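Engineer: With the sequence up front, the predicted model follows.
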Amino acid sequence: MKTTINTYRIYLDSCCVCRPFDDQVQNRIQRETKVIMQIISHFQNSEWQWINSAILRYEINRISDLRKLSLVNALLNSIPQTDYISVGKTEILRGKQFEVLGFKEPDALHIACAESGKADIFLTTDDLVIDKAKCIQSHLCVRVENPTTWLKSTYVTGGNLI
């Protein structure tokens, strides 16, 4: 079976980029780690584009575990140069709109940056963010999904995805 790979513009929130370095005891965390690493390999091969942001970097720099911080930074530094979205007036105003709709400030800014970066998809492992986004999808300019759910529905590999 021939596989077609579309070029995607993908925003990963901090939950996603930290997932490979979380405790891998739970099956869900293991599956999400595997999928996130598949997505990152597409970034590393320049097949898909990663959208990075100031709020993502801010959250990563707040990781108190220095070993985990080093591992996350090494992983992100392995990805080729990407679109970097600063948090400016537009993102702050859009983020405030999302806060009114029930998102916490960092999540609101992540979504605002994903929109500014014209992401095809915003990926998070945070179920609360996903559930809230599904309730207000008509107010969003980007789809919000769990990486495993998104990749299963998007990426055909002859039946052996995960």
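Structural biologist: Now that the structure is in, tell me what you want to look at.

Engineer: use CA for all of it now, contacts and neighbours both
Structural biologist: Noted.

Engineer: Now do stretch 46-63, average pLDDT.
Structural biologist: The average pLDDT within stretch 46-63 is 96.

Engineer: next one: stretch 116-124 to chain centre, how far?
Structural biologist: What separates the centre of stretch 116-124 from the centre of its chain is 7 Å, taken as CA atoms, centre = their mean, to the nearest Å.

Engineer: May I see the buried residues of that stretch?
Structural biologist: Ser116, Gly117, Lys118, Ala119, Asp120, Ile121, Phe122, Leu123, Thr124 (16 or more other CA atoms under 10 Å).

Engineer: for it, how far is the first residue from the last?
Structural biologist: Start and end residues of stretch 116-124 are separated by 17 Å (CA to CA, to the nearest Å).

Engineer: Please shift the residue numbers so they start at 13 in all later answers.
Structural biologist: Okay, using 13 as the starting number, the last item reads as stretch 128-136.

Engineer: now what about it, what contacts it?
Structural biologist: 20-28, 63, 95-97, 103, 123, 126, 142, 154-159 (CA atoms under 8 Å, 6 or more residues apart in numbering).
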